[in-house]
Structures are given as C-alpha cells and as structure tokens.
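Engineer: no sequence on this one, just coordinates:
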C-alpha cells in the first residue's frame, strides 16, 4: 500500500462551494445517462447504474435529481450521446496525468485538454504513455468517525466480500478491489450498513512524484484547475504527491 489516503481530498471536494457541487452533479448526471443507455433504467438489472447511484448519494445528490436523470436518459431517444475518451500526458517534473472525459464533441474536448496541459507547461501524450504507471482498482474510502466497526472486523468483512486489500489511515480505511469485483464488494458493505465517504473505480499511482519548485507547483495546479473547470472532464488522475 502506498499509504496515500485520499480521504482528505474527498472531504475537501465535498466542502467546496456550490459551483463545485454543481460540477460534481453534472459529472454524475452524465454518468447516469451513459449507464442507462448501456444497461437500461432499472438499477436492479444494471450494476453500473447502481454504482453511479451510490456515488451520487455519497455526494449528497437529491433522490429526485437522480430519478429525473434516469427518466430523462431512459425516455429521450434524442438525448445527447456522450462518448468516453481518455487523454494522457505529462505535467511538471514528469508527473503523470490521466484525464477521463465524457463528451458530445471530441474536437472541443481535445482542444481544451491540450490547452490545459500547455498553459501549465505540460504536454499531452499518446494513449498509453502514462497509464502503465497506474493500477485500475475499485476503491472504497470509509471515514473512521462514521464507522462503528473495529478495523479487523471491517477488514474481514471486506475480504470475505471479495476485496483484494485493506489499509488503515489515521482518519479513514481504504478498501481496494479488482475492478470486476467492485460492485459486489460495494453492495455487500452497503447491505451491512457500512457508510462510505467514496466508492468508485479509479486509477491509483504505483509511485508518487514530489514537487518542491514553486513555479512547477503553480504549473501543475494550473493544469488541474483548468481541467477541473471543464464540464467535459469527468475525472483527473495524477501521481503528484500533494
């Protein structure tokens, strides 16, 4: 285990202003649309939709907003078709950055992502240029204060459900799964009433890069801020040791 807890980042994201919350809701809304189009509107028969609904609830998205999104995606044959695209590139000091996007205009999104890299003195690369530095894993983060179980009991519960790994942090627990087993593990923990601060399939860096130079720090923050502000960008992964 790397020992890098994402819990502080998760808390920070949730405490951001309403504009940031709107961005999160936009991201999840698009994920709902894609999940419904791929597997139908019934979460009982669509594990991807169940996972997105769980993500929506962990981000405090109102139930009626979730239901409206599902109905809209299911009922509107002319609704926008989003395409999933992944971009890869380098930030300052050789940091690796992966950008997942959902877009209805590939040219616009590619131009915006390239611009973000350029403005932060980074470079957009080819597919596969940095993804080999990451492991794709299901990741569940649990706030210690919200969980009544002892660490050993929670670990056994997670491993019994099919998890690969379990780590204790000062303020949280981290459970890792194979991406294929993520839904099963998440649902098992949910059924047992385990509260989750975050639950998603993510890209976890194999190693982290430290940045101490002030200009390089400003540059990577600029890249990440510009990507975060882009509505087409769903998720950004990087190996900068913040």
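Structural biologist: All right, it came through fine. This one's a predicted model, so the numbers in the text were calculated from it and none came from an experiment.
Engineer: now residue 225, what's its secondary structure?
Structural biologist: Taking DSSP: H, G, I helix; E, B strand; the rest coil as the rule, one finds residue 225 in the helix state.
Engineer: Report all helices and strands that the top helix by length along the chain contacts.
Structural biologist: In terms of residue count, the longest helix belonging to the chain (DSSP state H) is helix 18-39. Counting contacts by 3 or more Cβ pairs under 8 Å, 6 or more residues apart in numbering; DSSP states H and E, helix 18-39 packs against helix 47-58, helix 63-75, strand 96-103, strand 233-238. To be clear about C-beta, it is placed using only N, CA and C from the backbone, and glycine gets the same treatment.
Engineer: How is this structure partitioned into domains?
Structural biologist: As assigned by automatic domain parsing, the chain contains the domains 7-75, 83-132+207-238, 134-205.
Engineer: mean pLDDT for these: which is lowest?
Structural biologist: Per-segment mean pLDDT for the domains of the chain reaches its minimum on domain 7-75, at a mean of 82.
Engineer: list the buried ones in the lengthiest strand in the chain?
Structural biologist: Longest strand in the chain by number of residues (criterion: DSSP state E): strand 134-143. When burial is assessed from 16 or more other Cβ atoms under 10 Å, strand 134-143 yields the following buried residues: 134, 137, 138, 139, 140, 141, 142, 143.
Engineer: List the beta-bridge partners for the first one.
Structural biologist: Think residue 134. residue 205 (DSSP bridges).
Engineer: Wait, it touches residue 203, no?
Structural biologist: Yes: taking Cβ atoms under 8 Å as the contact criterion, residue 134 and residue 203 are neighbours in contact, 4.1 Å apart.
Engineer: any shared contact partners between those two?
Structural biologist: With contacts defined as Cβ atoms under 8 Å, 6 or more residues apart in numbering, the residues adjacent to both residue 134 and residue 203 are 98, 237.
Engineer: quick revisit: need the helices and strands packed on helix 18-39 in TSV (columns: distance to residue 126 and mean neighbour count).
Structural biologist: Below are the helices and strands packed on helix 18-39 laid out as TSV (distance: least, Cβ to Cβ, whole Å; neighbours: other Cβ atoms under 10 Å):
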stretch	distance to residue 126	mean neighbour count
helix 47-58	28	20
helix 63-75	32	15
strand 96-103	13	23
strand 233-238	17	20
